[in-house]
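Q: I'd like to go over a predicted model; first the sequence, then the structure.
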Amino acid sequence: MKRHVAGPKTQNYTTMTVGAGGGLSQWSFMASFPFIIQGGMGAGVSNWRLANAVSAVGQLGVVSGTALDMILVRRLQDGDPGGHMRRGLDAFPFPKIAEQIWNRYYIDGGKAAGASYVNLPLHTKDMSAERQALIIAANFVEVWLAREGHANPAGINYLEKIQMPHLASIYGAMLAGVDYVLMGAGIPLKIPGVLDAFANHQAATYPLYVAGRTEETLMHFDPRALVETHLPPLKRPQFLAIISSNTLATTMVRKANGAVNGFIVETDIAGGHNAPPRGKLQLSERGEPVYGERDKVDYAKLAELGLPFWLAGGYGRPGKLAEARALGAAGVQVGTAFAYCVESGLREEYRRALLDKVAQGTAEVFTDPLASPTGFPFKVAQLEGTMSEQALYEARQRGCDLGYLRQAYSMDDGEIGYRCAAEPPAVYAAKGGNPEDTEHRKCVCNGLMANIGLAQTRRDGYVEPGIVTSGNDLVELAPFLTAGGRDYSAADVVSVLLAEPAQALATAAD
């Protein structure tokens, strides 16, 4: 394999030239932070190509860190179209590991049509060195490609709920020079300390939640057991916690084991997993969770913490950036608008079908309180041929063969077992789970892989359907569509959102 050297690529957001769109003149503005953070939509929708496109135009591109190990090996089994995975592996600082991955998973010309992908061993608390190395390499490759060809920052987004690959994933992203780490879907108090340790290639621990245990269970990873050669210290990325309440923001500032550098504030109309409503769960007539006054964030109190914050969920529309700035935010995080641009990793068939619905005024998003095995509400775009169709969901034979959303639990003998509410009810119950928790749960893992064109084909020929998640702003995408067309680029999204008067964007202090 040809070797490349990955050099550091850093840039402070000090001078930004913002295109006003529509052929209007440009203006320069002094800023300490990006106005726009592209959402880390997973798995693989916020891929390296999308993040690279956003970073290249001066905003913060973010790759999804979900299931990158599986995504890498499936891309290799498809023959590595374009040779991008090969290029990323060539830059990996541990060539022996890169060679092993390539030789094991790459299929010249791609696997046969209708053949199944070879799956990986499921994550566990104590994974083999080989399994950890694959996770490290996959995260490295995605971040390295996102940073390739420009000198602007790029980030990676993780879900706190998917805990077992955390340590290896973060180390791999840091090896590639990731500039920002974003994390939500939980309370990531211990992530800042991990970043501090890995900056010097030191060992780090992370607590694993194990249902039924009262004592702390720690995962451990020591980079020095992997390093083939001496490496210089790594850049410590900025850490942004994704929150939905003032309480969580205050907790992060007071109790995190290292520096928290800012917050992304997600409202309940953001895509993917939403924080559950505070208090007793109530459902609307449509069967969606009802959010109330207790779920609103007090931005003035948030600003008192003295850290920058970005608003997300409903802020990916024209005029919303200036509104966020007026509320004291550094800017906005935008997911849905980027999810449907040409650089997105979303399967072309799904992307075009949903953009057609947008143009026709028939697009619809449902906040499903039961779909995700995590127990978090999960936004689902209604689309024929996906698991949003009840009949298609019921026809699928339940099983858990990817396991990213599995929960660790304490077995009767004190050992750790793993279960998923989307697996067969009898299997889940045999592991001590409540069978009621399996009702209406969908295999989000396989669905998300299908969303990006990496659907598993079963031995009986059954092909896993997708489950497209989208924020409520799906119905507001018309301003991004080119005149008379159905397409737009990441640069178009940035241009439209930044088409605000300079004075309006400059109102809030950085």
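A: In hand now; what should we look at?

Q: From here on, just use CA atoms for contacts and neighbour counts.
A: Noted.

Q: what pLDDT does residue 8 get?
A: As predicted, residue 8 sits at a pLDDT of 31.

Q: Can you pull out the low-pLDDT segments for the protein?
A: Confidence mapping of the chain against pLDDT under 70 gives the ranges 1-32, 228-229, 483-485, 500-510.

Q: Centroid-wise, who is the farthest residue in it?
A: What lies farthest from the middle of the chain is residue 413; by C-alpha atoms, centre = their mean that is 35.3 Å.

Q: Show me which residues of the top helix by length along the chain are buried.
A: Longest helix of the chain, by residue count under DSSP state H: helix 129-147. Counting neighbours by 16 or more other C-alpha atoms under 10 Å, one finds that the buried residues in helix 129-147 are 131-147.

Q: Quick check: which element contains the residue farthest from the centre of the chain?
A: Counting by DSSP states H and E, there is no helix or strand that carries residue 413.

Q: Distance check, it against residue 181.
A: 37 Å (C-alpha to C-alpha, to the nearest Å).

Q: how about the helices in the stretch 51-200 of the chain?
A: Along the stretch 51-200 of the chain, counting by DSSP state H, counting those that start in this stretch, helices occupy 68-77, 84-91, 95-105, 129-147, 166-175, 191-198.

Q: closest one to residue 401 among those?
A: Closest to residue 401 of the helices of the stretch 51-200 of the chain, according to C-alpha to C-alpha: helix 68-77, at 11.5 Å.

Q: Can you give the distance from that closest one to the centre of its chain?
A: In this view, helix 68-77 has its centroid 16 Å away from the chain centroid, taken as C-alpha atoms, centre = their mean, to the nearest Å.

Q: Which strands or helices does it pack on?
A: Secondary-structure packing of helix 68-77 (3 or more C-alpha pairs under 8 Å, 6 or more residues apart in numbering; DSSP states H and E): helix 84-91, helix 95-105, helix 129-147.

Q: Relative to residue 248, tell me which of the ones you listed wins on proximity.
A: helix 129-147 (27.5 Å).

Q: That closest one vs helix 95-105, what angle?
A: Orientation check (axes from the mean of the first three to the mean of the last three C-alpha atoms, to 10 degrees): helix 129-147 against helix 95-105 gives 100 degrees.

Q: between helix 129-147 and helix 84-91, how big is the angle?
A: Here helix 129-147 runs at an angle of 110 degrees relative to helix 84-91 (the same axes, to 10 degrees).

Q: how much does the longest helix of the chain deviate in direction from helix 166-175?
A: If you take the same axes, to 10 degrees, helix 129-147 sits at 40 degrees to helix 166-175.

Q: now helix 129-147, how far from the centre of its chain.
A: 15 Å.

Q: Okay, residue 378 and residue 276: tell me how far apart.
A: Distance, residue 378 to residue 276, using C-alpha to C-alpha: 10 Å.

Q: So for those two, which sits in the more crowded spot?
A: Legend: neighbour count by other C-alpha atoms under 10 Å for residue 378 and residue 276, higher for residue 378 (26 against 19).

Q: Provide the partner residues of that one in its beta bridges.
A: Beta-bridge partners recorded for residue 378 (DSSP bridges): residue 273, residue 368.

Q: I'd assumed residue 470 was in contact with it.
A: No. Between residue 378 and residue 470 there is no contact, the gap being 9.1 Å when judged by C-alpha atoms under 8 Å.

Q: Mind listing the shared neighbours of those two?
A: Common contact partners of residue 378 and residue 470 (C-alpha atoms under 8 Å, 6 or more residues apart in numbering): 271-272.

Q: ok, residues contacting stretch 220-232?
A: Residues contacting stretch 220-232 (C-alpha under 8 Å, 6+ apart): 94, 129, 133, 167-168, 171, 198, 200-206.

Q: Next: stretch 385-392.
A: 380-383, 393, 442, 447, 465-468.

Q: Helices - which of the residues you listed land there?
A: Per DSSP H, helices hold the following members of those: 393, 447.

Q: Most neighbours among the contacts of stretch 385-392, please name it.
A: In terms of neighbour count, residue 467 stands highest of these at 29 neighbours, by other C-alpha under 10 Å.

Q: Could you check how far the closest residue to that one other than its chain neighbours is from residue 372?
A: Distances taken as C-alpha to C-alpha, 6 or more residues apart in numbering place residue 447 nearest to residue 467, at 4.8 Å, with adjacent residues excluded. For residue 447, the distance to residue 372 equals 11 Å [C-alpha to C-alpha].

Q: and residue 415, how many residues sit next to it?
A: 8.

Q: what does residue 429 give?
A: A count of neighbours around residue 429, defined by other C-alpha under 10 Å, yields 17.

Q: doesn't residue 370 fall inside a strand?
A: No. Residue 370: not assigned to a strand; according to DSSP: H, G, I helix; E, B strand; the rest coil it is coil.

Q: Write down the beta-bridge partners of the residue nearest to residue 115 when sequence neighbours are not counted, one by one.
A: For residue 115, ignoring the flanking residues on the chain, the nearest one in space by C-alpha to C-alpha, 6+ apart is residue 457 at 6.5 Å. Beta bridges link residue 457 to residue 463, judged by DSSP bridges.

Q: tell me the contacts of residue 457?
A: Contacts of residue 457 were listed using C-alpha under 8 Å, 6+ apart, and they are 114-117, 463-464.

Q: Check the gap between it and residue 119 for me.
A: From residue 457 to residue 119 the distance is 11 Å (C-alpha to C-alpha).

Q: can you check residue 158 too?
A: 21 Å.

Q: same check, this time on residue 496
A: Taking C-alpha to C-alpha, one finds residue 496 at 41 Å from residue 119.

Q: quick one: residue 450 is in a strand?
A: No. Going by three-state DSSP, the assignment for residue 450 is helix, not a strand.
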